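Asks: no sequence on hand, only this structure:
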Ligand code: SF4
């Protein structure tokens with residue numbers, strides 16, 4: 001086993017600290033959007049963007065017990081991916097919400 005001098009030790013500690021900090025930042029980013037962002041409206045017609053806006057679609061529901069995954073109009077995408085909605089066009093977050101929410105039948 002080779003010994004390292006004080007300078008090498010400090011350099012390695014700084015690199016490790018930077019790596020840990022970057023990792024913590026990435027985890028923080030994922031928590032902010034539930035790990036999934038479904039807000040890209042590029043390619044949507046203006047009327048479809050307006051439907052999202054006018055019905056107050058948000059990527060993260062603030063309504064207790066109400067999110068797109070529990071809405072009758074939600075169509076799930078692949079595991080961990082955005083889904084779609086039969087009324088609100090574009091990518092839809094299963095954790096999202098809009099004013100058109102209707103309970104999914106049990
Ligand atoms: S109607 Fe609204 S709450 Fe229901 S799936 Fe579509 S966007 Fe989500």
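Replies: Yes, it's here. Bear in mind that the values here come from a model prediction, so they are computed numbers and not experimental data. Residues are numbered from 1 along each chain as shown.

Asks: just the helices in this structure please.
Replies: Here the chain has its helices, by DSSP state H, at 6-32, 46-54.

Asks: comparing the ones you listed by mean pLDDT, which bottoms out?
Replies: If the helices of the chain are sorted by mean pLDDT, helix 6-32 sits at the bottom with a mean of 43.

Asks: give the contact list for the residue nearest to residue 74 when sequence neighbours are not counted.
Replies: Computed as C-beta to C-beta, 6 or more residues apart in numbering, the closest residue to residue 74 that is not its neighbour in sequence is residue 68, at 4.5 Å. From N, CA and C alone the C-beta is placed, and that goes for glycine too. Shown in contact with residue 68 (C-beta atoms under 8 Å, 6 or more residues apart in numbering): 61, 74, 83, 85, 92-98, 101.

Asks: try residue 94
Replies: Applying C-beta under 8 Å, 6+ apart, we find residue 94 in contact with 36, 67-69, 74, 76, 82-83.

Asks: from those residues, list the buried ones, please.
Replies: With burial judged by 16 or more other C-beta atoms under 10 Å, the buried subset of these is 36, 67-68, 74, 82-83.

Asks: among the residues you listed, which one lies nearest to residue 54?
Replies: Nearest to residue 54 out of those is residue 68 (C-beta to C-beta; 16.6 Å).

Asks: and the closest one, how far is that from residue 46?
Replies: In this view, residue 68 and residue 46 are 22 Å apart by C-beta to C-beta, to the nearest Å.

Asks: ok, how many other residues are close to residue 55?
Replies: 16 (other C-beta atoms under 10 Å).

Asks: got the residues of this structure near the ligand?
Replies: 57, 68, 71, 73-74, 85, 87-88, 92, 96-98, 100-101 (C-beta under 6 Å from any ligand atom).

Asks: done for today, thanks.
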